[in-house]
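> build me a structure from this.
(one chain, ligands or ions: 1)
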Amino acid sequence: MAPRAGRVLITEEALRARVAELGRAIARDYAAQGPILVGVLQGAFVFMADLIRAIPIDLTTDFIGVSSYAGGTTSSGEVRLVSDLSMSIEGRQVLIVEDIVDTGFTLAYLKRNLEARHPARVRVCVLVDKVESRQVALELDYVGFTLPNVYVVGYGLDHDGLFRNLPYIAELDGG
Ligand code: IMP
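Predicted coordinates:
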């Protein structure tokens, strides 16, 4: 059976409400100095697009591309930078925007990589935290939802490049 989107775990309405809350919290925390939001490609682009419109302060955006799963549904622990930022982040307030944290390898790598460029501070905003799967210690500053260790798709999250366009987050059946 070809993998397909199964049970809906996070509805469109729940996503909209939570993204609005995250936006308000981020706007409050960064009122003094507008951040650079760094979206992690490809998965975070849908979340990032909604999130920035929920943050009513001056901000800039950039994207970074990493690859970790190489087409499967389990992490290899090996993270590769596939496309870099377009600007310097030296002295800036950086907020990494990520779709989902599983083992934590990707975000741990990204935090290390960005911190080496001498920003003022790097914080992290993730839409979904699969907290049970964590293999490295990681501090998350903003978390949208916590889910158990299931593979999910939709709202930017894919399986083999598919399902990113679903407006909700669902469990993957038969993956
Ligand atoms: P980590 O390095 O194991 O934390 O994996 C993080 C990356 O794996 C995320 O940026 C996603 O691209 C991908 N990923 C992890 N879990 C899922 C999932 O349930 N659905 C879709 N992608 C996932």
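
> tell me which element Thr103 falls in.
Assessed by DSSP states H and E, Thr103 sits outside every helix and strand.

> just confirm it contacts Glu132, I think it does.
No. Counting by Cβ atoms under 8 Å, Thr103 does not reach Glu132; the two are 10.7 Å apart. Heads up, the C-betas are built off the backbone N, CA and C, glycines and all.

> those two: which has the busier surroundings?
Thr103 (18 against 11; other Cβ atoms under 10 Å).

> for the protein, what lies in contact range of the ligand?
40, 43, 68-69, 75, 98-106, 151-153, 157 (Cβ under 6 Å from any ligand atom).

> which stretches of this protein form strands?
For the chain, applying DSSP state E gives strands covering 4-10, 36-41, 60-67, 80-83, 93-101, 121-129, 142-146, 152-153, 169-173.

> now the buried members of the residues of the chain next to the ligand.
In the residues of the chain next to the ligand, burial by neighbour count holds for 40, 43, 68-69, 75, 98-106, 151-153, 157, counting by 16 or more other Cβ atoms under 10 Å.

> got JSON lines for the strands of the chain, with distance to Ala25 too?
Converted to JSON lines, those look like this (distance: least, Cβ to Cβ, whole Å):
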{"stretch": "strand 4-10", "distance to Ala25": "18"}
{"stretch": "strand 36-41", "distance to Ala25": "14"}
{"stretch": "strand 60-67", "distance to Ala25": "18"}
{"stretch": "strand 80-83", "distance to Ala25": "29"}
{"stretch": "strand 93-101", "distance to Ala25": "11"}
{"stretch": "strand 121-129", "distance to Ala25": "9"}
{"stretch": "strand 142-146", "distance to Ala25": "6"}
{"stretch": "strand 152-153", "distance to Ala25": "23"}
{"stretch": "strand 169-173", "distance to Ala25": "20"}
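
> parallel or antiparallel, list what pairs with the lowest-mean-pLDDT helix or strand in the chain.
Confidence across the helices and strands of the chain bottoms out at strand 80-83, with a mean of 93, counting by mean pLDDT, DSSP states H and E. Strand partners for strand 80-83, identified by DSSP bridges, are recorded as strand 60-67 (antiparallel).

> which other residues reach the partner strand?
With contact meaning Cβ atoms under 8 Å, 6 or more residues apart in numbering, strand 60-67 is reached by 34-42, 45, 48, 52, 79-87, 89, 106, 109-110.

> residue closest to the middle of the protein?
Glu98 (1.2 Å; Cα atoms, centre = their mean).

> if you count contacts, what does the lengthiest helix in the chain end up packed against?
Ranked by residue count under DSSP state H, the longest helix found in the chain is helix 12-29. In terms of contacts (3 or more Cβ pairs under 8 Å, 6 or more residues apart in numbering; DSSP states H and E), helix 12-29 is packed against helix 45-52, strand 121-129, strand 142-146.
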